[in-house]
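Undergrad: sequence and predicted model, in that order:
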Amino acid sequence: MMSKTLRMPLLVKKIAYTRCCAISSLAGMVFYLAAASASAQWTQGRPMLSARTEVAVAAVGERVYVAGGFGGAQNLEIFDPRTDRWSLGAPVPARLHHAAAVALNGKLYLIGGYGGGWDPVNSVFEYDPAADRWRTLAPMPTPRGALAAAVLNGRIHAVGGTGPGRRNTNAHEVYDLSTNSWTEAAPLPTPRDHLAAAAVGGKLYVIGGRIDGSYARNLNVNEAYDPTTDSWTGRAAIPTARSGIAAAVLYNQILVFGGESNQGTFNQVEAYEPRSDRWSTRPPMPTARHGLGAATLGGRVYVISGGPTPGGSYSAANEIYLPEH
């Protein structure tokens, strides 16, 4: 059962979307919603073609790409915000879930994850939107699923996750596209899975997650990697300990969306400002969920897919965060 703390913002949002005539009974909630939306708001995009969870999401060019996950088979779904339409690209070369995705030099990179079952893989696939074609690249040194990845200084950093034996790994491996090779970097201080990563201001930030796949053991850890010193430092903890989250960078802030715990799913949105090392709260997502993906495009964040209840649940959600105005 979801706790009152987790449910209330979602309840408020759902009520605000209904067209109910009982204005007097909803007055307090409508006032809350209006106040929350004064600085930012949410809108709905066209739902995905399939309901999924544990997806990999990234924006390349003017489109958002969703690969892998439960419920999607090997379909690559592509969203065009200009037309509010979804289409299919060339199928992903393998069935994957809990993989990571990033965009680099106009292409999509799909990294790691679990195969058809729960065996971690080290595969790396590159998708070229112009040619609608996949190719296989050099594998990661460490097979792992439920990892996080981000692009820092033109290289792909893959951090954490769950490796062989269903145990967390502190692996931090860096892919160089120019040489199609991986190198090791300073290991992640707190090994964990179902975490999020984002790069801002020349540093990599790795946030949240959980221990050995248990959402009863969520973490609020926030650790920053400096490539100039090849070292990590602890930063301000995320206010809400959670895992199964998604993160996106918008105007040099890191926004963290959703997640799950043993009490339910989260609709919380919390923003981290690296320069001040402070967190703040943003209006909650309309739909609480975990195993979702987030991508920034055109000054908006597209928060896509994910399960509305802990564990194996699915959605075709496409909710769009509009920043302060």
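TA: Happy to help now that I have it.

Undergrad: please count neighbours and contacts with C-alpha atoms only from this point.
TA: Fine.

Undergrad: and residue 55, how far from residue 179?
TA: According to C-alpha to C-alpha, to the nearest Å, residue 55 stands 28 Å off from residue 179.

Undergrad: please, where are all the helices along the protein?
TA: With DSSP state H, the ranges of helices along the chain come out as 4-17, 23-36.

Undergrad: can you list the buried residues in stretch 46-57?
TA: The neighbour-count check on stretch 46-57 (16 or more other C-alpha atoms under 10 Å) flags 46-57 as buried.

Undergrad: just checking, residue 300 touches residue 320?
TA: Yes: with contacts counted by C-alpha atoms under 8 Å, residue 300 reaches residue 320, the gap being 6.7 Å.

Undergrad: test my guess that residue 186 contacts residue 231.
TA: Yes: Residue 186 lies in contact with residue 231 (C-alpha under 8 Å); the separation is 6.0 Å.

Undergrad: just the pLDDT for the spatially closest residue to residue 243 that is not a sequence neighbour.
TA: In space, and not counting its chain neighbours, residue 243 is closest to residue 209: 4.2 Å by C-alpha to C-alpha, 6 or more residues apart in numbering. pLDDT recorded at residue 209 is 98.

Undergrad: residue 209 reaches residue 195, doesn't it?
TA: Yes: with contacts counted by C-alpha under 8 Å, residue 209 reaches residue 195, the gap being 3.9 Å.

Undergrad: overlap in contacts of those two?
TA: The contact sets of residue 209 and residue 195 overlap at 243-245 (C-alpha atoms under 8 Å, 6 or more residues apart in numbering).

Undergrad: the strands in the stretch 1-150 of the chain, which residues?
TA: Secondary structure of the stretch 1-150 of the chain, counting by DSSP state E, counting those that start in this stretch: strands at 41-44, 56-60, 63-67, 76-80, 85-89, 100-104, 107-111, 124-128, 133-136, 148-152.

Undergrad: any weak-confidence spans in the stretch 201-325 of the chain?
TA: When residues are selected by pLDDT under 70, those of the stretch 201-325 of the chain lie in 325.

Undergrad: how near is residue 202 to residue 154?
TA: Plainly put, residue 202 is 10 Å away from residue 154 if you go by C-alpha to C-alpha.

Undergrad: tell me how far the residue nearest in space to the middle of the chain lies from residue 138.
TA: Closest residue to the average C-alpha location of the chain: residue 246 at 2.3 Å, with C-alpha atoms, centre = their mean. Counting by C-alpha to C-alpha, the gap between residue 246 and residue 138 amounts to 26 Å.

Undergrad: cool, residue 224 as well?
TA: Residue 224 is 26 Å from residue 138, by C-alpha to C-alpha.

Undergrad: these two: which is more packed in?
TA: Set residue 224 next to residue 138 and count neighbours by other C-alpha atoms under 10 Å: residue 224 wins out with 23 against 16.

Undergrad: what residues are up against the nearest residue to the more buried one once chain neighbours are set aside?
TA: Closest residue in space to residue 224, ignoring its immediate chain neighbours: residue 205 at 4.5 Å, by C-alpha to C-alpha, 6+ apart. Counting by C-alpha under 8 Å, 6+ apart, residue 205 touches 197-199, 222-225.

Undergrad: show me the contacts for the nearest residue to residue 247 once chain neighbours are set aside.
TA: Nearest non-adjacent residue to residue 247, counting by C-alpha to C-alpha, 6+ apart: residue 256, 4.4 Å away. Residue 256 sits next to 196, 245-248, 269-271 when contact means C-alpha under 8 Å, 6+ apart.

Undergrad: and residue 256, how far from residue 59?
TA: Here residue 256 is placed at a distance of 17 Å from residue 59 (C-alpha to C-alpha).

Undergrad: so who does the closest residue to residue 182 other than its chain neighbours touch?
TA: Nearest in space to residue 182, with sequence neighbours left out and distances taken as C-alpha to C-alpha, 6+ apart, is residue 175 at 4.5 Å. Residue 175 sits next to 155-157, 181-183 when contact means C-alpha under 8 Å, 6+ apart.

Undergrad: so which of the residues you listed wins on neighbours?
TA: residue 157 (25 neighbours).
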